[in-house]
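Student: kindly generate the corresponding structure for this input.
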Amino acid sequence: GKMKFNRGFPLEDTEAQERADQDRDREWLDMWRASWPEGHSLDPHDPESFGFAFVGTVTGAHGVHGDVRVRADDFLCDQGYDPDEHLARRNF
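Tutor: As a prediction, this is how the structure comes out:
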């Protein structure tokens, strides 16, 4: 929503707004915790157990903002993987 201002200074949230924000944060954290895998299924040496997947090899740095060049795996591309869908440059 819009932030209300009083002579250029932001107004403080009311108690009800603070409680609603805390409830929303708690609900988000509960959903996140529920989606996290069980501890016994995690392998610290296997990125796939954390939800990561192999798509290619990092071939080098690109620019000064932390971008990298990736060579997509030929086998995955032959199976129908489209690197442009997931590896396109993101503007945050």
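
Student: now the helices for the protein?
Tutor: 15-35, 74-78, 83-87 (DSSP state H).

Student: how about residues contacting the first one?
Tutor: If you take C-beta atoms under 8 Å, 6 or more residues apart in numbering as the criterion, helix 15-35 is touched by residue 13. C-betas here are computed from N, CA, C, even on glycine.

Student: buried stuff in stretch 40-57?
Tutor: With burial defined by 16 or more other C-beta atoms under 10 Å, the residues of stretch 40-57 counted as buried are residue 56.

Student: please shift the residue numbers so they start at 17 in all later answers.
Tutor: Done: numbering now begins at 17, and the last item shifts to stretch 56-73.

Student: and the gap between residue 86 and residue 98?
Tutor: Between residue 86 and residue 98 the distance is 13 Å, computed by C-beta to C-beta, to the nearest Å.

Student: neighbour-wise, which of those two wins?
Tutor: Of the pair residue 86 and residue 98, residue 86 is the one with more neighbours under other C-beta atoms under 10 Å, namely 16 against 11.
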